[in-house]
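Asker: Any chance you can model this:
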Amino acid sequence: MGHPFPRVSVWETATASRGLTDVEGAARWLLDQWPDRVRRPRSYRPALKACLDVLEGNGTVERARAALIKAAADADILDKA
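Answerer: Here you go, the predicted model:
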């Protein structure tokens, strides 16, 4: 975990949320675990790209986290608690 960030919680189901705390985990979640029932918003691709950019040595962790938050909020799955 070389790219940690403050926790972002996302709803995976109506009753279960997941905490994402690093760029690697966020990228994996975006690629493999985005909830099937939830349509991917326009902000999904920029969020994935921002995470992958960090993993490739470009971009910033802060930008990746902000893009993740935007995608989750746009999809109405950001756990604001």
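
Asker: make it CA atoms for all contacts and neighbour counts henceforth
Answerer: Will do.

Asker: Can I get whichever helix in the chain runs longest in PDB, CA atoms only?
Answerer: Counting residues, the longest helix found in the chain (DSSP state H) is helix 61-74. Taking only C-alpha atoms (Å, rounded to 0.1, in the frame of the first residue of the first chain), the coordinates of helix 61-74 have been written out as PDB:
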ATOM      1  CA  VAL A  61      -3.300  10.600  -4.700                       C
ATOM      2  CA  GLU A  62      -5.400  13.600  -3.800                       C
ATOM      3  CA  ARG A  63      -6.700  13.900  -7.400                       C
ATOM      4  CA  ALA A  64      -7.500  10.100  -7.500                       C
ATOM      5  CA  ARG A  65      -9.400  10.300  -4.200                       C
ATOM      6  CA  ALA A  66     -11.400  13.300  -5.400                       C
ATOM      7  CA  ALA A  67     -12.300  11.600  -8.600                       C
ATOM      8  CA  LEU A  68     -13.300   8.500  -6.700                       C
ATOM      9  CA  ILE A  69     -15.600  10.500  -4.500                       C
ATOM     10  CA  LYS A  70     -17.100  12.300  -7.500                       C
ATOM     11  CA  ALA A  71     -17.900   9.000  -9.300                       C
ATOM     12  CA  ALA A  72     -19.400   7.500  -6.100                       C
ATOM     13  CA  ALA A  73     -21.400  10.600  -5.400                       C
ATOM     14  CA  ASP A  74     -22.600  10.800  -9.000                       C
END
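
Asker: Renumber starting at 488 from here on
Answerer: Sure thing, new numbering starts at 488, so read that last one as helix 548-561.

Asker: Can you give the contact residues for that helix?
Answerer: With contact meaning Cα atoms under 8 Å, 6 or more residues apart in numbering, helix 548-561 is reached by 490-492, 495, 497, 510, 513, 527-531, 533-535, 537-538, 541, 565.

Asker: Whichever of these end up buried, select them in PyMOL.
Answerer: Buried members of the contacts of helix 548-561, defined by 16 or more other Cα atoms under 10 Å, are picked up in PyMOL with:
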select buried, resi 495+497+510+513+527+530+531+534+535+537+538+541+565
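
Asker: So which of the contacts of helix 548-561 belong to helices?
Answerer: With helices identified by DSSP H, the entries of those that belong to them are 510, 513, 531, 533-535, 537-538, 541.
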